[in-house]
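In: I would like the atomic coordinates for the input below:
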Amino acid sequence: QVFGRMQKEGLQVTILSTCPVADYKTQESTLTLPSPFLKALKTKEFKEHICCPLLEQPNIVRDLPAAVLSYCQVWQIPAVLYQCYTDVIKLDTVTIEAFKPLLSCKTLKSLVKDVSESTKILKKLLTTNETHNNIYI
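Out: Purely as a prediction, here's the structure:
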């Protein structure tokens, strides 16, 4: 429904997603992998440089990120999915920091004024969010 209301000409989509490192398929033990880490998938039309290695087979992406990327592939919209594999359940600053290299990519560079301040801002956002998630008994 979101794409139905957008002009597709000149559109480029970037999808950020996280999932458990246990979902990552590899010959080596996932215990030796540096967690969190990024992998990417892109549509045929996405011609820009990607900021991390491509996701290898037989790994799959599911749910909303997969649906958005599939839609973009079918409608020939340039799109890239950056999948962060992490060993934590709840989003934390370490996991968010894994996305930091993407701030130097051409598509996301214009969204950030000062990358050096990003860590401080992220910590503030997560600290504020944590106070709202507490249950008091």
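In: now do the SS call for residue 16.
Out: strand (DSSP: H, G, I helix; E, B strand; the rest coil).
In: which non-adjacent residue is nearest it?
Out: Once flanking residues are discounted, residue 16 sits nearest to residue 82: 5.4 Å by C-beta to C-beta, 6 or more residues apart in numbering. Using the backbone N, CA and C atoms, a C-beta is placed for each residue, glycine as well.
In: what is the burial count for the one you found?
Out: Look at residue 82: counted by other C-beta atoms under 10 Å, it has 25 neighbours.
In: check which helix or strand it maps to.
Out: According to DSSP states H and E, residue 82 maps onto strand 79-86.
In: ok so, going back, and the gap between the residue nearest to residue 16 and residue 69?
Out: 11 Å (C-beta to C-beta, to the nearest Å).
In: middle-most residue in this structure, spatially?
Out: Nearest residue to the geometric centre of the chain (C-alpha atoms, centre = their mean): residue 16, 2.4 Å.
In: so what's it up against?
Out: 82, 84, 99, 102 (C-beta atoms under 8 Å, 6 or more residues apart in numbering).
In: any regions of the protein where pLDDT drops low?
Out: 30, 112-119, 121-137 (pLDDT under 70).
In: rerun that using 90 as the cut-off
Out: Along the chain, segments meeting pLDDT under 90 span 1-11, 21-22, 26-35, 49, 51, 87-137.
In: now do the strands in it.
Out: 13-20, 37-42, 79-86 (DSSP state E).
In: what segments of the protein are helices?
Out: Remark: helices assigned in the chain by DSSP state H are 63-74, 93-97, 106-109, 118-133.
In: summarise which helices and strands the second one is packed against.
Out: Pointing back at helix 93-97 there. strand 79-86, helix 118-133 (3 or more C-beta pairs under 8 Å, 6 or more residues apart in numbering; DSSP states H and E).
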